[in-house]
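Colleague: Next input, structure requested:
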Amino acid sequence: MYTVTLWEFAALAAASILVGFSKTAVSGANTVSLAIFAAVLPARESTGVLLPLLIVGDVLAVRTYRRHAHWGTLVRLFPAVAAGVAVGTVFMLWAGDAEVRTSIGAILLLMAGVTMWRRRAAARVAAPEAPAADGAGARLKAGSYGVLGGFTTMVANAGGPVMSLYLLSAGFRKLGFLGTSAWFFLIVNVAKVPFSVSLGLIDGRSLLLDALLVLFVLPGAYIGKACVDRINQKLFERLVIAATVLGGLQLLLR
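Modeller: All right, here's what the predicted structure looks like:
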């Protein structure tokens, strides 16, 4: 198993709770989790440790919001996401720990900017339950967001804010947003497993640590489900943005 101190394990446990919480309450909030994982563990290997925990959170989210997915949106996104995952896999073939750490830090800062843009856009969006009919503009937007989301999720498990921005701009309400996001990340994260295994990011050592940390994902998901209708979204997103910026800067300056 990875050698971690008691305080480092406590940090990973708190990050795992946030993984579960983000899957059932605030999609994209687990950017804080990946900053913690990359700070405690070797940055490259941290993505492989985090992926199974994300999948557990995805399963819990699908069980909660499975009836609210918009499959037309998912079908539109998947080809571009696959291309982004392929590009991310090629990047991970040659990237060492320093390159991955720098990439994760840069992606976190980018995602913080994306999230602030998303919050401003939210005030201007009238939110129907599902997006408007398909067209050339919709396909172009899905393609660009899909490639970026596929790359960021493969390199840093950080596709949440990208997809959150896309779904918000498409005009989803809360339940449609959470249901579509849940199915999207369950399918994409499961599809990433063979790539991560072939890259040596998931192995017996990482799975042993996952077996301990998954115990913290479950209560996080329960807390998220209980809080989703009560949470002060604006305050929480401000805290997430601040923590994400600090985490990104810490990785870049480390």
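Colleague: Wait, Gly84 touches Gly150, no?
Modeller: Yes. Applying Cβ atoms under 8 Å as the test, Gly84 and Gly150 come out as touching, 2.2 Å apart. C-beta: built from backbone N, CA, C; applies to glycine.
Colleague: shouldn't Leu74 be in contact with Trp183?
Modeller: Yes. Contact criterion Cβ under 8 Å: Leu74 and Trp183 qualify, at 6.2 Å.
Colleague: Which one of the two is surrounded by more residues?
Modeller: Set Leu74 next to Trp183 and count neighbours by other Cβ atoms under 10 Å: Trp183 wins out with 21 against 16.
Colleague: Work out for me the element that one sits within.
Modeller: helix 174-198 (DSSP states H and E).
Colleague: What is that helix packed up against?
Modeller: Secondary-structure packing of helix 174-198 (3 or more Cβ pairs under 8 Å, 6 or more residues apart in numbering; DSSP states H and E): helix 6-24, helix 43-65, helix 71-94, helix 136-156, helix 160-170.
Colleague: try 10 Å
Modeller: Judged by 3 or more Cβ pairs under 10 Å, 6 or more residues apart in numbering; DSSP states H and E, the packing partners of helix 174-198 are helix 6-24, helix 43-65, helix 71-94, helix 136-156, helix 160-170, helix 204-227.
Colleague: right, so of these, which gets closest to Ala35?
Modeller: With Cβ to Cβ as the criterion, Ala35 lies closest to helix 6-24 of the helices and strands packed on helix 174-198, at 8.3 Å.
Colleague: and the angle from the helix or strand just after the closest one to helix 204-227?
Modeller: Following helix 6-24 in sequence order, the next helix or strand is helix 31-40 (DSSP H and E). Here helix 31-40 runs at an angle of 150 degrees relative to helix 204-227 (axes from the mean of the first three to the mean of the last three Cα atoms, to 10 degrees).
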